[in-house]
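Colleague: Return atomic coordinates for the entry below.
(one chain, ligands or ions: 1)
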Amino acid sequence: MAQSTAMVGGAGANSYANNSTAQRDAVTTAKEAMAEALIEVLDISAFLSNGSKNLVTIADLGCSVGPNTHIAMQTIIDIVTTKCHLQGIDPKTIEFQVLFNDQNTNDFNTLFASMSGDKNYFAAGVPGSFYDRLFPTSSIHIAYSASSLHWLSRVPEELEDENSPAWNKGRIHYTNAPEPVVKAYAKQYEKDIDAFLRARAKEMVPGGVIVMLMPGVCDGVLRHDIGVSIDFLGSILMDMVKEGMLKQHQVDSFNIPHVYPSMKQMKRFVENNGSFRIVKMELQNAWLNKEAPIDMVTAIMHLRAFTEMTIASHMGCEIIEPLFAKALQRKQKLSDMLYDAGHKIGLRYLFTILQRT
Ligand SMILES: C[S@@+](CC[C@H](N)C(=O)[O-])C[C@H]1O[C@@H](n2cnc3c(N)ncnc32)[C@H](O)[C@@H]1O
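Modeller: Reported below is the predicted structural model:
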């Protein structure tokens, strides 16, 4: 069964650590809105009087290897510190605990090695899927997840059945695929987000807050720049079939387990779950330098950092170098595809803050 895998570990040229500036831009873009909303809704006195003594626990769900998680966690600690001052609490009396979650296969060594020596929190790694329970009941004050919740727990079952109308022949994703494929992805996503919210509903303290940041689309739209880049990769894989480097079945049976939700969908998921109120939800343009043309080499290196492990686990490691060498040779095609899909709109990110009721 095809599942999502971790990002490329280590600190080498192809690593996620060195190829995740787009995800960092998303965090930077969201910073101000996150600070404003958290300062308004967090009640640190209530956390402390509800049995947590002087401990504030923050979880990063899908933290990967850094550096973005370190930036985000420090930002949240700074926001809580500001709120402490506003509530007349001496922040020096507070102890912070940060729980770094990712899949078992994540490179936690690189994550912990890149941690600052003078960090002002206790740290621990929590391996496992955020679609399952990860933490004890009522133990988390702030959960944060960036660029991670668009990964499905698995490729929808229907896409693995050659006789199903959702067999995705010649493609590796849904945003440019026939209706049965789109529907199968949507069904799996609804199931996954429901599981995510049910698990968090048990783990968050009353008044606890979840910050979610993920690639998203306008209501009624399917295409996203990341999906366009995945289609570009799919077209190269199909060329490799024609060249005899891969079997057709290897591509037909391979699908990237990504979904980009709209605000309308996300609102429905949260309302169906019933344990959270929506504090804030908006579609942001996470393209920081809006005037600069997108650099296709950087875009392809980013694409490699987040797809390499998933592709290698399905088709074998030997396919990776020729695949991305071809991608770099054809970077103009990616530029054309992004342009045709209206890239000028920017990299859309769905930013959501939920509070446990
Ligand atoms: C693109 S990285 C984002 C890393 C970091 N949050 C950032 O902003 O740069 C996505 C991460 O989500 C993790 N991930 C995907 N599905 C997951 C799941 N079900 N449970 C835990 N982590 C998951 C991947 O392993 C990967 O490390």
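
Colleague: which stretches of the stretch 51-200 of the chain form helices?
Modeller: Secondary structure of the stretch 51-200 of the chain, counting by DSSP state H, counting those that start in this stretch: helices at 68-86, 108-113, 179-203.

Colleague: buried sites along the second one?
Modeller: Okay, so that is helix 108-113. Across helix 108-113, burial judged by 16 or more other C-beta atoms under 10 Å covers 108, 110-111. (C-beta placed from N, C-alpha, C; glycine too.)

Colleague: now that helix: how far from the chain's centre is it?
Modeller: Relative to its chain's centre, helix 108-113 lies at 19 Å (C-alpha atoms, centre = their mean, to the nearest Å).

Colleague: So for it, mean pLDDT?
Modeller: Per-residue pLDDT over helix 108-113 has a mean of 95.

Colleague: What of stretch 184-197?
Modeller: 98.

Colleague: Now that stretch: buried residues?
Modeller: 184-186, 188-190, 192-193, 195-197.

Colleague: Pipe these into JSON lines and attach distance to residue 245 per row.
Modeller: Formatted as JSON lines, the buried residues of stretch 184-197 follow (distance: C-beta to C-beta, whole Å):
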{"residue": "184", "distance to residue 245": "28"}
{"residue": "185", "distance to residue 245": "27"}
{"residue": "186", "distance to residue 245": "32"}
{"residue": "188", "distance to residue 245": "30"}
{"residue": "189", "distance to residue 245": "32"}
{"residue": "190", "distance to residue 245": "36"}
{"residue": "192", "distance to residue 245": "33"}
{"residue": "193", "distance to residue 245": "37"}
{"residue": "195", "distance to residue 245": "37"}
{"residue": "196", "distance to residue 245": "37"}
{"residue": "197", "distance to residue 245": "42"}
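
Colleague: Determine which two of those residues are furthest apart.
Modeller: Across those, the longest distance by C-beta to C-beta is 21.0 Å; it joins 184 and 197.

Colleague: returning to that earlier point: nearest to residue 336 among the buried residues of helix 108-113?
Modeller: Scanning the buried residues of helix 108-113 for proximity to residue 336, where the rule is C-beta to C-beta, the winner is residue 110, at 35.3 Å.

Colleague: rewinding a little: could I get the helices of the stretch 51-200 of the chain as a markdown table with distance to the ligand?
Modeller: What follows is the helices of the stretch 51-200 of the chain, written out as a markdown table (distance: least, C-beta to the nearest ligand atom, whole Å):
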| stretch | distance to the ligand |
| --- | --- |
| helix 68-86 | 3 |
| helix 108-113 | 9 |
| helix 179-203 | 8 |
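
Colleague: how close does the closest residue to residue 235 other than its chain neighbours sit to the ligand?
Modeller: Leaving out its chain neighbours, the residue that sits closest to residue 235 by C-beta to C-beta, 6 or more residues apart in numbering is residue 333, at 7.7 Å. Residue 333 is 24 Å from the ligand, where distance means C-beta to the nearest ligand atom, to the nearest Å.

Colleague: Enumerate the strands of the stretch 101-250 of the chain by residue range, in sequence order.
Modeller: For the stretch 101-250 of the chain, the strands defined by DSSP state E, counting those that start in this stretch cover 122-127, 140-146, 204-215.

Colleague: Pull the contacting residues for the residue nearest to the spatial centre of the chain.
Modeller: Centrality entry for the chain: nearest residue to the mean C-alpha point is residue 148, 1.6 Å, by C-alpha atoms, centre = their mean. Residues near residue 148 by C-beta atoms under 8 Å, 6 or more residues apart in numbering: 61-62, 64, 130, 214.

Colleague: Now that we have these, which of them are buried?
Modeller: Buried among those (16+ other C-beta under 10 Å): 61-62, 64, 130, 214.

Colleague: Of all pairs in those residues, which one is the farthest apart?
Modeller: Farthest apart among those by C-beta to C-beta are 64 and 214. That separation is 13.7 Å.

Colleague: got the contact list for the closest residue in space to residue 314 that isn't next to it in sequence?
Modeller: Once flanking residues are discounted, residue 314 sits nearest to residue 254: 4.9 Å by C-beta to C-beta, 6+ apart. For residue 254, the contacting residues are 2, 172, 237, 311, 314-315, by C-beta under 8 Å, 6+ apart.

Colleague: Show me which of those is closest to residue 138.
Modeller: Nearest member of those to residue 138, counting by C-beta to C-beta, is residue 2, at 34.8 Å.

Colleague: what's the pLDDT at that closest one?
Modeller: Per-residue confidence (pLDDT) for residue 2: 50.

Colleague: for residue 18, same thing?
Modeller: Turning to residue 18, the model gives it a pLDDT of 84.

Colleague: ok so, going back, the buried ones among the contacts of residue 148 also near the ligand: which ones?
Modeller: Taking C-beta under 6 Å from any ligand atom as the test, the ligand is in contact with 62, 64, 130 out of the buried ones among the contacts of residue 148.

Colleague: where's the residue nearest to the first one when sequence neighbours are not counted relative to the ligand, distance?
Modeller: This means residue 62. Excluding its sequence neighbours, the residue lying closest to residue 62 (C-beta to C-beta, 6+ apart) is residue 148, at 2.6 Å. Distance, residue 148 to the ligand, by C-beta to the nearest ligand atom: 3 Å.
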